[in-house]
Structure formats: C-alpha cells, structure tokens
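Chemist: no FASTA, just this:
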C-alpha cells in the first residue's frame, strides 16, 4: 500500500503538463491453485501480484503505464514518462485525498488463506472420486481444480478522492474427457463465488458438478450430428446467458457505444427487443461472482437496467468513454490487474424472469432445438453477428425433449435474436465465467431464465431437422 502523501506527490507530478485527470491504481493480490488429474495431485501453486498503474486523461486522450517499483523514485519516474504525452500548463493541483467508503456486499467470514492445502485436496477429491466411481472405460481423463484469490486494491485520483477494496473469490473446476469408436468429447463445470468456502459444501456440491461434467461428456459420445437450418431454439437457464452476454452485452458497453462502433449506438429509447425482454447488469448482488462494491475508477457499483420491456434504456459506462457520451460513469469500469488500463465492462449480466415455466416452453415447441449450454464462440460488437457452439443440446419434438445432438452452432445477429424471443421462463440462474477484452480477463456472471427464440439459423452436419 502506498501512502496518501506519496499518492498526492505522484498525482501532481503526473498533472504538471496539462492532463485534466490522473489516477493511481494500486494492487496487491495473492492466489493459490490446485489441480488433481486422474486421481493424483498434479500441481499446487501460489503467487503474488503487486504493482501500480497510472492513467492520465486529457479530453478524449488517454495514456497509461504501470510499474512494480513502488518506491517514490519508481512512481515519480512513471509519472514523468507519461506526462510527456502532453505539453500544456498545469490545470489541476491535488491538495488532499478524501476517502470514499462503499458497502461491503461480499464479506468473507473465513478467509481462503485459512483453507489448508489438505482441505483443498479433500474438496477437489470429492468430485474426482465421484467420476472414478462411475467406472466407465470411456472416461480417459478427468481433472479437478480449485483456485482462490485475495485481492487488495486502492485507487487515488485527481478529484481528491481515494478508496480501498478487499475481495476474495474462489472457483471449483471439473473437466472430463471421454473417448470411444465414435470419437472424443469433453464435459466441463466450474462454479465460482465471492463467498467463503461454505459455498462449496452447502450451495454447490463437488460430487454433483463433477458428475454433471462426466454425464455431458458421455452423452455427447453417442449423440448424433445436429441438423441444420432455421428453427426454433430453446436456450437453457444459467450458462445459456452467455449468448446474450456475447451477442448483446459487449455491444452495450461504452467502449464501443461511445465511438459509434456498436450496433446499438444512438438507439437509446428505441425498441430493440421483444417486449418480453428485460435485461440488467447488476454489480450489487451480494456474494455473486461478478459483483463489485466500487469500480476501478472510484464509482459505486450499481444496478443498471439495460433493456426494459424491449426498450433500450442504458449502457455500461466508464468515466473516460462517458466523456464522448456526455455521461458520467455508472460503476462499470473494470480491469484484470494493475497492468491493464480500465474500461467499461460487464459484471452480473442477465435477462430477467418472465412468466412461463420451462415445461411450458418445451411443451409449446413442436419441433426445434434445446441448447443447455455453450462451449465458445465469437461476436462482432459493431454488427452484432455471432456464432456459438452448443456443449449440450437436444432435439425437441412434439413438446418433449428427445435425442441428444452434437456439433450445433447458433448463427445470427444480436438484434435479431432479441426481437425473436417469444417465450421467457421464470427460472433465472447464473453461470460463472471469465470475460476477456481490452482491459484483460475479469470475473463475470452470465444469466437468464429458459427462453425460446422463434427462429435461429443452426449449423450442423446432420441434414434437415425432422
């Protein structure tokens, strides 16, 4: 931790050539990781990340640098190298720093630092032993991992404000590889939280998620190739929300909206989705994977209604990109660590509950595809065009879930998908993931209830849907 007095000196050095804003981001993080492969501990690691990032702004220009040298000399050298990007007169002098205090929505009763290596091994082995107990020769590889991290952050800025934040988070992974004469398949489950270790015993059970990963990998071995064409698609709750996250969420971040590079630029107040759709990005949900009390530039985390009854209401905005939009940041500025310049990012992004049940949605579908989860894809925020591969999918026939299929790819545009949602379930759930973008890889929740899109183009090698 650097002192307030040193922070004032560094900020003023950074501001001496005319920058209109300066910000110091200090970080000290410690993490642990454990991996068990085929029943044996393969890796156990720990590490520390510590350093400072310095950001200078002037109108719509931004310069950023970082250092792991936290001495006065090292920090002043960084400030001096960055302020050479400007050649004006001083506009601001920082004389004091007042502390901002936010709510601690993610308290940890017992730190992961107290969770011993022996206990970590025992937790992961609960799942790997469950996989082994299946005694299925088609399971050729299974991996269990547990990671935890304690992150301390402090931000000092030229608005005369500073804050500090401590967070802890952990994630449990299981990956299963199966193989037979039909080929090779994988299954993957990885719940995470900003809660203490009781989460992994009371709310999430290692044996259950490990078994789920194995079941998906085994089901896909015997699954037929998915048919192709335009068809109704039911998208499962929880991790199914990654489709909205990628196809629409990134296009609602100010980093693309403010530059006119988003398919949603200039459409605030317009109907962009089915009236059944309300979508939010909420960083205030206690204990959730993507929640933050204060963002990485000092704004409080908020609950942002992005779409309400199909109408575009708001965006995820950071202060810098907000300059182009004549808006202030709304608590959406995030970064992976001190080496990354922050920008607008998602937190817990989800489609809100509707009125239908999952059973009603399936029963109302004569012939279509039911996608439970996804294993990756790509999207262009400027056009909204996307393609996503389904990790688990089934044919729906006469209102019933029938045979599993593999190789399904959903292809389309985010705008079209939003308008084509014709049923929204009441079973909203979240799935935890890591989102990569210009400010690095950050924790984000995706989420939604079960939904139905009346028509999506599906790619597959199984011929026509019958």
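Modeler: Ah, there it is. These numbers were taken from a predicted model, which means no experiment stands behind them.
Chemist: how about the closest residue to residue 109 other than its chain neighbours, what does it touch?
Modeler: The spatially closest residue to residue 109, leaving aside those adjacent along the chain, is residue 196, at 4.8 Å (C-beta to C-beta, 6 or more residues apart in numbering). (C-beta placed from N, C-alpha, C; glycine too.) For residue 196, the contact set (C-beta atoms under 8 Å, 6 or more residues apart in numbering) comprises 108, 109, 110, 111, 112, 168.
Chemist: now do residue 196 against residue 112, distance only.
Modeler: When C-beta to C-beta, to the nearest Å is the yardstick, residue 196 and residue 112 sit 8 Å from each other.
Chemist: and for those two, which residues touch both?
Modeler: Taking C-beta under 8 Å, 6+ apart as the contact criterion, the common neighbours of residue 196 and residue 112 are residue 168.
Chemist: how much space between residue 287 and residue 201?
Modeler: For residue 287, the distance to residue 201 - C-beta to C-beta - is 15 Å.
Chemist: comparing those two, which residue is more hemmed in?
Modeler: The residue with more neighbours, out of residue 287 and residue 201 and counting by other C-beta atoms under 10 Å, is residue 287; that gives 16 against 11.
Chemist: now do the same contact list for the more buried one.
Modeler: Residues touching residue 287, when contacts are defined by C-beta under 8 Å, 6+ apart, comprise 105, 106, 193, 194, 195, 199.
Chemist: and with 7 Å instead?
Modeler: For residue 287, the contacting residues are 106, 193, 194, 195, by C-beta atoms under 7 Å, 6 or more residues apart in numbering.
Chemist: how does this structure divide into domains?
Modeler: 4-222, 225-459 (automatic domain parsing).
Chemist: among the contacts of residue 196, which ones are buried?
Modeler: Neighbour-count burial (16 or more other C-beta atoms under 10 Å) applied to the contacts of residue 196 gives 108, 112, 168.
Chemist: dihedrals phi and psi, the second one?
Modeler: Same thing as residue 112. Backbone torsions for residue 112, taken as degrees, to the nearest 10, come to phi -70, psi -20.
Chemist: contacting residues for it?
Modeler: Residues near residue 112 by C-beta under 7 Å, 6+ apart: 148, 150, 168, 170, 197.
Chemist: tell me the two of those that are most distant?
Modeler: Taking C-beta to C-beta as the measure, the contacts of residue 112 reach their widest spread between 150 and 197, a distance of 12.9 Å.
Chemist: with neighbour numbers in mind, choose between these two.
Modeler: Each of residue 150 and residue 197 has its neighbours counted (other C-beta under 10 Å); residue 197 has more, 22 against 19.
Chemist: reduced to three states, what does the more buried one come out as?
Modeler: Secondary structure for residue 197, judged by DSSP: H, G, I helix; E, B strand; the rest coil, is coil.
Chemist: and for residue 125?
Modeler: For residue 125, the secondary-structure state derived from three-state DSSP is helix.
Chemist: and it, how far from residue 214?
Modeler: Using C-beta to C-beta, one obtains 15 Å as the distance from residue 125 to residue 214.
Chemist: again, but for residue 84
Modeler: Note on residue 84: its distance to residue 214, by C-beta to C-beta, is 57 Å.
Chemist: who has more neighbours out of those two?
Modeler: Neighbour comparison, residue 84 and residue 214: the larger count goes to residue 214, with 26 against 10 (by other C-beta under 10 Å).
Chemist: look at the residue of the chain most remote from its centre and report its pLDDT.
Modeler: Most distant from the centre of the chain: residue 89, at 40.7 Å, with distances by C-alpha atoms, centre = their mean. Turning to residue 89, the model gives it a pLDDT of 96.
Chemist: and the one 5 residues further on, by the same measure?
Modeler: At residue 94, the pLDDT value in this model is 98.
Chemist: host element of it?
Modeler: Assigned by DSSP states H and E, residue 94 belongs to no helix or strand.
Chemist: tell me which residues form a beta bridge with the closest residue to residue 231 other than its chain neighbours?
Modeler: Nearest non-adjacent residue to residue 231, counting by C-beta to C-beta, 6+ apart: residue 368, 5.1 Å away. Residue 368 has these beta-bridge partners by DSSP bridges: residue 396.
Chemist: so who does residue 368 touch?
Modeler: In this structure, residue 368 makes contact with 231, 232, 233, 234, 396, judged by C-beta under 7 Å, 6+ apart.
Chemist: which SS class is the third one?
Modeler: When the structure is split into helix, strand and coil by three-state DSSP, residue 233 lands in strand.
Chemist: ranges for the helices of the stretch 301-450 of the chain?
Modeler: Chain-ordered helices for the stretch 301-450 of the chain, with DSSP state H, counting those that start in this stretch as the definition, fall at 319-325, 358-363, 414-420.
Chemist: make that the stretch 1-150 of the chain, sorry
Modeler: Along the stretch 1-150 of the chain, counting by DSSP H, counting those that start in this stretch, helices occupy 4-15, 72-83, 117-133.
Chemist: other SSEs contacting the second one?
Modeler: Yep, that's helix 72-83 we're talking about. Helices and strands touching helix 72-83, by 3 or more C-beta pairs under 7 Å, 6 or more residues apart in numbering; DSSP states H and E, are helix 4-15, strand 40-58, strand 61-67.
Chemist: relative to the whole chain's centre, how far out is the first one?
Modeler: Pointing back at helix 4-15 there. Its chain's average C-alpha position is 33 Å from that of helix 4-15, according to C-alpha atoms, centre = their mean, to the nearest Å.
Chemist: by contact count, what packs against that helix?
Modeler: Counting contacts by 3+ C-beta pairs under 7 Å, 6+ apart, the secondary-structure elements packed against helix 4-15 are strand 21-37, helix 72-83.
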